Structure formats: C-alpha cells, structure tokens
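Enquirer: With the sequence up front, the predicted model follows.
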Amino acid sequence: MRFRGTTVLFVSLAAAAWAAAQGIAPYSAILPPSFSGWAAKSRGPIEPQAIDNGDKANSVLEAQQAAALQEYGLAAGERAEYLRGAEKLQATLYKMKDPSGAYGEYSYLREPDMARAGFTDHSSTSRTRALVLAGSLVLDIRGKDLPRIESDLKKLVGAVVSLADGGPLPTLWQALPQNGIVERSDRYILGPNVLGQFIPAYPRDWLGFSSGAEAELAQYRIGERRAYLIVADFPTPQVAAEKLKELQQKYNTNGSNPGNQYPPLFAKRSLTLLAVVSGGQNQAEADKLLDQVHSKTELTWNEPGFSFTEPGIGTMIVGAIMGTGIICMFALISGFAFGGFRLVVKRLLPDKVFDRSSHLQVLQLGLSSKPINAEDFYGLGKFRQE
C-alpha cells in the first residue's frame, strides 16, 4: 500500500510538472455535471494528443488547430459528453490566457455557415454547432438540430458564463472596411501559424508578429474574385514604417520587385496600422480597399512657442495713465479706510489700542514755559479729567 501510494503521488507530480511545462493550468471543472435534463456521461480535461502526420486524413487539420490554440494561448481545456435519452451533445471548453486570445480562438473556430446567435455578444450557431465567447472562455457545442434545443443551450451557456473572467476585447476589427467584405470571414490573428493557414504563399512571420504586431484578416469580393485584406497594428509608427520598408525590399510590394518569386502584395501605412492586400491584380484594384483603412490613433506634436506684438504709442500712454489712476484711487480709498478705522477704534476703545499715552513721547525744544502734554494732541485730556 505504501508503494502504491508513492507511485500515485509520483505520477500526479509528474503530470503537474508536465502541465506546467506546457503552460496548461491544473484542471478545474467549469462545465456543469447536468443542465435541463441533460447529464454528463463523461467529463474531464482535454488530454494532449500527439499529432500523427501519417495516414490520418484529419492529421493536418488537427495540427493546424493545435498550432492555433498554442498561438492564442491555451491555458486549460475541458470536454464533456451529455446525454438525454437518445440525444447526445458534445461540449468542448477552451480557457485561454486572456480575453484577446479567446476572441482570436473564437474567430478562428467560427465557420462561414454559422449565423449570429443570442447567447452572448459574440456567439454563433448552425444546425449542428454552436460557438460562444465569454471573457477568456470559448465554448464549442456540437450536436443535432441545435436550434430546437436553444433554451437548453442557454442554460449550459449561463452556467459557463458565470465562471468566466471578464476583460476588454480587441477592437482592431473596427479598422476593416465593410464594403465588399465576405460575412464571417474576419479573423483576429496573433501569430504566423494562423496567418499561414489563410495566406500560405509567404515565409513564416513575414508580417512581423515578432515585432509586437496584432492583425485582423478578412476576405473581400473584388469583382468576381476574392482577395484578403490584412490590417496589422504595430506598437509605434516607426515600427510600422520599418515593416513596410522591409516588405518592399523582400517582396513585390506596390510594384517594388516585379520579378520576385512571391505573389504581389499591395500595402499602405496609416500611423501604426499597416494594411496589406494579398490576391489583388493591380494597384488600382487594391487601392479600393487600402484607401478605406484609416487609423483612429491621434498623433500630436506639442512644441512651445512665443509671439510678441508691440502695442502702439497711444495704447501705451493711455494704459500708463489708466494704471496710474487706478493706483492713486486705490491709495486714496485705502487711506480713508484705514483712517476711519483708527478713529472708530480710538472712540470706542480710547487709550487702549492706538496712541496709548503710556507709549507716546513728545520731543520739546523748551521755547515756552508751558510743558506740552501728549494727551493734548489726541483729545485724551478730557477723558483723564472725567
């Protein structure tokens, strides 16, 4: 028993160490054990599967999905199978490191035939699949005739949303033009693996995710053809300008290298935004999209300045006279006010505050035989006689 307990402890520690090395958090159940008559037949964390690139038909798709989860920042995953009689549902929950990664994973998993749903602000559904974004969580539900059990799905979504971590979502999609866009083709991209799945003709990280870029990609109708528009946001305008210069040097960007081996690109920078069209035939065609991309960032340059305009001689004379008059008026009013104040105090408090006889001295020249008394100057003698 002691050996068996030691073995279980060792396996648990090894699993926890492997999960920490892979950046996957310890499993903590979020999917409910039951809801609206549905009961979980099986429920547990998603076990990492080794991707076999042999004869499996879906191995490439699995590898692409695994690469996308890694770029968007998978922290933990959970899967449950629910049964209600003969009906079956499969729910997969992805917990990402932050809401931005969850938004990217949601946009990546969303399929063109999935219409907007009312589960959350960002949710989509079809007959066999429902996709829900809630904070840093992405819920993927698969089953048959899902619109029929929409009320049940809302109970499941409500249980998950209550445990979601909130936070701001990316707003780069607002820079995408809406004229000619293919509905539900926009994708939020944080790395070269996902970008390469949509535009595979260029080397890895040709757009510059290693420079701190984030991108929004969408497909557009140009006549009877379709092209991709990528709007990448860089940390500073200088980084965006350097990336545009690099694209013009390495690829045929805006006609810079006509003999280049890669398909032509058309690009335009707006402050920190770099818009790139892939699949366009010529500059005029691409400009119809590029000219609609504008950065909402405001760049200001505040430089101290000084300007002096000398007034006319008449203005200076009038100003001097007015200033002198104001000063004289102030002195006159202040003098009357202070004098009145002294008289009032002396009448109310004689020989108490101002001109106290014990503190007054008169210098006498001795020209007359009558001595001069200080009280005579301030009318204090009568008070002494009384």
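Expert: Looks like it arrived, so ask away.
Enquirer: and G208, how many neighbours?
Expert: By the criterion of other C-beta atoms under 10 Å, G208 has 20 neighbours. All C-beta atoms are positioned from the backbone trio N, CA, C, and that covers glycine.
Enquirer: scratch that, L343 is what I was asking about
Expert: The number of residues packed near L343 is 11, by other C-beta under 10 Å.
Enquirer: Surely it is in a helix?
Expert: Yes - the assignment for L343 (DSSP: H, G, I helix; E, B strand; the rest coil) places it in a helix.
Enquirer: List the residues that contact it.
Expert: If a contact means C-beta atoms under 8 Å, 6 or more residues apart in numbering, then L343 has no contacts.
Enquirer: make it 10 Å
Expert: By C-beta atoms under 10 Å, 6 or more residues apart in numbering, the residues touching L343 are F354.
Enquirer: show me where pLDDT drops low in this protein?
Expert: The chain contains residues with pLDDT under 70 at 1-27, 47-58, 295-309, 355-386.
Enquirer: Skip the chain neighbours and tell me the closest residue to the most centrally placed residue in the chain.
Expert: Nearest to the geometric centre of the chain sits P168, at 6.5 Å (C-alpha atoms, centre = their mean). Residue nearest to P168 in three dimensions, not counting chain neighbours: P99, with 6.7 Å by C-beta to C-beta, 6 or more residues apart in numbering.
Enquirer: thinking again about what came up before, which stretch of helix or strand covers the residue nearest to the centre of the chain?
Expert: Assigned by DSSP states H and E, P168 belongs to neither a helix nor a strand.
Enquirer: if I look at it, how far off is A102?
Expert: 12 Å (C-beta to C-beta, to the nearest Å).
Enquirer: Ok, T272 next?
Expert: Relative to A102, and taking C-beta to C-beta, T272 is found at 24 Å.
Enquirer: ok, those two, which is more surrounded?
Expert: For T272 versus A102, neighbours defined as other C-beta under 10 Å are more numerous around A102 (29 against 19).
Enquirer: So the more buried one lies in a helix, does it not?
Expert: Yes - counting by three-state DSSP, A102 is found in a helix.
Enquirer: Tell me the spacing between it and A175.
Expert: A102 sits 20 Å away from A175 when distances are taken as C-beta to C-beta.
Enquirer: Can you tell me the element the nearest residue to W173 once chain neighbours are set aside falls in?
Expert: Closest residue to W173 apart from its sequence neighbours, by C-beta to C-beta, 6+ apart: E216 at 5.2 Å. Assessed by DSSP H and E, E216 sits inside strand 214-222.
Enquirer: And that strand, what's buried?
Expert: E214, A215, E216, L217, A218, Q219, Y220, I222 (16 or more other C-beta atoms under 10 Å).
Enquirer: returning to that earlier point: for the residue nearest to W173, give me its contacts.
Expert: Contacts of E216 by C-beta under 10 Å, 6+ apart are 104, 107, 170-176, 186-189, 229-233, 273.
Enquirer: Strands along the stretch 1-150 of the chain, start to end?
Expert: 34-35, 38-45, 74-84, 87-96, 115-116, 122-125, 129-134, 137-142 (DSSP state E, counting those that start in this stretch).
Enquirer: Let's have those in JSON lines, adding distance to E150 and mean neighbour count.
Expert: Formatted as JSON lines, these follow (distance: least, C-beta to C-beta, whole Å; neighbours: other C-beta atoms under 10 Å):
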{"stretch": "strand 34-35", "distance to E150": "13", "mean neighbour count": "18"}
{"stretch": "strand 38-45", "distance to E150": "13", "mean neighbour count": "15"}
{"stretch": "strand 74-84", "distance to E150": "15", "mean neighbour count": "19"}
{"stretch": "strand 87-96", "distance to E150": "13", "mean neighbour count": "20"}
{"stretch": "strand 115-116", "distance to E150": "12", "mean neighbour count": "12"}
{"stretch": "strand 122-125", "distance to E150": "8", "mean neighbour count": "20"}
{"stretch": "strand 129-134", "distance to E150": "9", "mean neighbour count": "24"}
{"stretch": "strand 137-142", "distance to E150": "11", "mean neighbour count": "22"}
